[in-house]
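1. Would you be able to build a 3D model of this:
(2 chains)
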Protein chains: 2
Amino acid sequence: MTIGIDMMGGDFAPLEAVKGLSLYFAAHSYPARLLLIGDSDALEILLKEHKIPREQIQIVHAPQVIDMHEHPTRALKEKPDSSIAVGFRMLAGGEADAFISAGNTGAMLVGALFSIKALEGVIRPTISTIIPRMNGSTGLLLDVGLNADCKPEQLNQFAIMGSVYAQLILGIEKPKVGLMNVGEEEGKGNLLAQATYPLLKENKHIHFVGNIEGRDVLTDKADVMVCEGFTGNIILKLAESLYEIAKVQEIHNPYFDRFNFEIYGGTPVLGVSKPVIIGHGISGATAFMNMIHLAQQMIEKDVMNKMREELKAD
Amino acid sequence: MTIGIDMMGGDFAPLEAVKGLSLYFAAHSYPARLLLIGDSDALEILLKEHKIPREQIQIVHAPQVIDMHEHPTRALKEKPDSSIAVGFRMLAGGEADAFISAGNTGAMLVGALFSIKALEGVIRPTISTIIPRMNGSTGLLLDVGLNADCKPEQLNQFAIMGSVYAQLILGIEKPKVGLMNVGEEEGKGNLLAQATYPLLKENKHIHFVGNIEGRDVLTDKADVMVCEGFTGNIILKLAESLYEIAKVQEIHNPYFDRFNFEIYGGTPVLGVSKPVIIGHGISGATAFMNMIHLAQQMIEKDVMNKMREELKAD
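-> Numbers count the residues shown, from 1 in each chain, chains lettered A, B, ... in the order given. I've put the predicted structure just below:
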């Protein structure tokens, strides 16, 4: 198993990425083989400084960097030797089984959508977020911004992909799927939600529990919460702001600490043929470690193929 | 000035409604004339018990009650002598200048939409919510559920109506209008947001500050936050749930206390010709007092006519 890592992506790269490796190797007895993509001179020095074991590591030199605010498509075209462009080439060419970056989010999405294949039948890939819930568990919300306008069929696919992810990665045996809506009863909602409800209800590959409302997001009424990316993105960013608010209000509370989304490491693109994990720009060492761990888990549990099977069966 | 009050609406009516009168008369030196609509025998007893001064009061007997879970349109038709039906008849007939109820929300909305007129040119009336912000001030979010699917022109009207309300009732001199969206830059968002942006930008009757994101909802980046009712309802209910969460987490914090939406009293229907205020089912005495106070303010400040003028000028 080989995981490609963009060592130059993120506000604190490559230092925090290297520190992340250190944490990863300390925690995993069977670590994956890692391709460290970035400036080889800078990386050599840091790897030595942080005494990173070299057996599982290969440095792949990528002299260019795509900055956080560059135009994604243009940057990928104009910087073929950037760490992100190199990473996706290796992923597409089969030299890597997964690719991780905390760099330019747009470039990561464009790369995921156009350099590797979508799973058969997937209308559009999606991105999700973990939602910390009051009872200590985590739920999954999707889409959170890749697809601002959706068709009912897309939401139905999100439900399937989210259920597979929740089962294999979040460890929820029979994930309850809820449709984000403005009321509990069938027939409520905007045109999209009204048209999506019957699809979810008839979908035998998920455990649909009906509509959920804004008040249910932080409870365990549903494990997989489905909506278009406009609503999902607003929910995600509102939830993220709770961590900031708790800090400003000097509330020291373990539940609100969990709204510090940086600690989770990153969000995978779902619906593509290989794991692509996008980290927060401000990812620190723990986030990098978590992203490598997530990529490893996704490969080990064969998440993409399970999604392919469930989507095909539908 | 005459304000009609549904004394039978809400989980704790008529007792809490009567207690609300008591608070209202204690706080206002120039109280409005109040029409108390409900079961006259029950009300007579309670008014005596709570020593409510009678000069400003008239009881209007309404022997029927629409329950919280009745079908709105059917209930209004089948119970013409219900407190809500009587209230809207008096409002439409000019015997009342405003109408308040904490009863069946659906019936209140149907009554507001069909018994009194929409303001000239208004595509559809809207409902808003107050948003408590970290700096102590309050913002306004609309629509919060009356219009789950919207056209750009509707969002433009919400911006105008919200601005008038924020100015006259929330006391914000030049309210900043923000468009709820998934990114800051113009051109971001779903089709609706993309089409709405230029309308708001060109609208000379509002102070448009651009797109706002989920993380901005609880800040003062915008005073009037505009979206369709699907997203708005989910934001509102998620925000409401913060009060519950703070309670469960045993967080005693004055900011989170402000997410107890019961205390605000109720939400006005905007875009109709007369003030209609809809309260929470669990409204207590303070909420009833606040609702009467809000109705009085809306009449005194001629909010509906100001909205009419601004909408016409657009």
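2. And the strands in chain A, which stretches?
-> Secondary structure of chain A (DSSP state E): strands at A:2-6, A:33-38, A:57-61, A:98-101, A:126-132, A:138-142, A:176-180, A:207-212, A:224-226, A:267-270, A:276-278.
3. Remind me what the first one packs against, helices and strands.
-> In other words, strand A:2-6. If you count contacts as 3 or more Cβ pairs under 8 Å, 6 or more residues apart in numbering or on different chains; DSSP states H and E, strand A:2-6 packs onto strand A:33-38, helix A:83-92, strand A:98-101, helix A:285-300. The C-beta positions use only the backbone N, C-alpha and C, and glycine is treated the same way.
4. now, of those, which is deepest in the fold?
-> With neighbours taken as mean count of other Cβ atoms under 10 Å in any protein chain shown, these reach their highest mean count in strand A:98-101, at a mean of 30.
5. strands paired with that strand, and their directions?
-> When pairs are called by DSSP bridges, strand A:98-101 turns out to pair with strand A:2-6 (parallel), strand A:276-278 (parallel).
6. In JSON lines, list these along with mean pLDDT and distance to B:T73.
-> As requested, those are exported to JSON lines (pLDDT from 0 to 100; distance: least, Cβ to Cβ, whole Å):
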{"stretch": "strand A:2-6", "mean pLDDT": "98", "distance to B:T73": "58"}
{"stretch": "strand A:276-278", "mean pLDDT": "96", "distance to B:T73": "48"}
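7. Now the ones you listed in CSV, please, with extra columns for distance to A:N190 and mean neighbour count.
-> Shown next, in CSV, are those (distance: least, Cβ to Cβ, whole Å; neighbours: other Cβ atoms under 10 Å in any protein chain shown):
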stretch, distance to A:N190, mean neighbour count
strand A:2-6, 38, 28
strand A:276-278, 28, 27
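8. Distance of A:I57 relative to A:G266?
-> 20 Å (Cβ to Cβ, to the nearest Å).
9. do A:E250 as well
-> Distance from A:E250 to A:G266, by Cβ to Cβ: 29 Å.
10. Would you mind telling me which of these two has the busier surroundings?
-> A:G266 (23 against 7; other Cβ atoms under 10 Å in any protein chain shown).
11. residues in contact with the more buried one?
-> A:I100, A:A102, A:I277, A:I278, A:G279, A:H280, A:S283, A:A287, A:N290, A:M291, A:L294 (Cβ atoms under 8 Å, 6 or more residues apart in numbering or on different chains).
12. export these to a markdown table and tack on distance to B:E95?
-> A markdown table is the format used below for those (distance: Cβ to Cβ, whole Å):
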| residue | distance to B:E95 |
| --- | --- |
| A:I100 | 69 |
| A:A102 | 65 |
| A:I277 | 65 |
| A:I278 | 61 |
| A:G279 | 64 |
| A:H280 | 60 |
| A:S283 | 64 |
| A:A287 | 64 |
| A:N290 | 65 |
| A:M291 | 67 |
| A:L294 | 66 |
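13. Closest one of the residues you listed to chain B?
-> A:H280 (13.3 Å; Cβ to the nearest Cβ).
14. If you tally nearby residues, what's the number for the closest one?
-> Neighbours around A:H280, by other Cβ under 10 Å: 20.
15. and the nearest residue to A:N203 once chain neighbours are set aside, what pLDDT?
-> Leaving aside its sequence neighbours, A:N203 sits nearest to A:N156 (Cβ to Cβ, 6 or more residues apart in numbering or on different chains; 6.1 Å). Looking at A:N156, its pLDDT is 98.
16. just checking, A:I131 touches A:M225?
-> Yes: using Cβ atoms under 8 Å, A:I131 is in contact with A:M225, at 7.1 Å.
17. More neighbours: which of the two?
-> Neighbour count, other Cβ under 10 Å: between A:I131 and A:M225, A:M225 has more, with 27 against 24.
18. How about the contacts made by that one?
-> With Cβ under 8 Å, 6+ apart, A:M225 has these contacts: A:I131, A:G139, A:L140, A:L141, A:L142, A:G178, A:M180, A:I212, A:V217.
19. Mind listing the residues bridging to the first one?
-> What that stands for is A:I131. Beta-bridge partners of A:I131, as defined by DSSP bridges: A:G139.
20. So it versus chain B, what's the distance?
-> 11 Å (Cβ to the nearest Cβ, to the nearest Å).
21. How about the contacts made by the closest residue to A:L109 other than its chain neighbours?
-> Sequence neighbours aside, A:L146 is the residue nearest to A:L109 in space, at 6.4 Å (criterion: Cβ to Cβ, 6+ apart). The contact partners of A:L146, taken as Cβ under 8 Å, 6+ apart, are A:L109, A:R124, A:P125, A:T126, A:I127, A:G229, A:V269.
22. any idea how far A:L146 lies from B:N190?
-> 12 Å.
23. what residues are shared contacts of those two?
-> A:G229.
24. Can you check what pLDDT the model gives the closest residue to A:K201 other than its chain neighbours?
-> Nearest residue to A:K201 in three dimensions, chain neighbours excluded: A:F208, at 5.8 Å (Cβ to Cβ, 6+ apart). As predicted, A:F208 sits at a pLDDT of 98.
25. Same check on A:D314?
-> In this model, A:D314 carries a pLDDT of 61.
26. Get me the contact residues on the stretch 151-300 of chain A for chain B.
-> When proximity is defined as Cβ under 8 Å from any Cβ of the partner chain, the stretch 151-300 of chain A approaches chain B at A:180, A:182, A:189-191, A:193, A:213-219, A:228-231, A:233-242, A:244-245, A:248-249, A:251, A:253, A:255-256.
27. Just the buried ones from these, in ChimeraX syntax?
-> Selection of buried members from those for ChimeraX, criterion 16 or more other Cβ atoms under 10 Å in any protein chain shown:
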select /A:180,182,189,190,193,213,214,215,216,217,218,219,228,229,230,231,233,234,235,236,237,238,239,240,241,242,244,245,249,251,253,255,256
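28. and the residue of the stretch 1-150 of chain A found nearest chain B, what does it touch?
-> Residue nearest to chain B within the stretch 1-150 of chain A (Cβ to the nearest Cβ): A:A148, separated by 3.8 Å. The contact partners of A:A148, taken as Cβ under 8 Å, 6+ apart, are A:E228, A:G229, A:F230, A:N233, B:V182, B:G189, B:N190, B:L191, B:A193.
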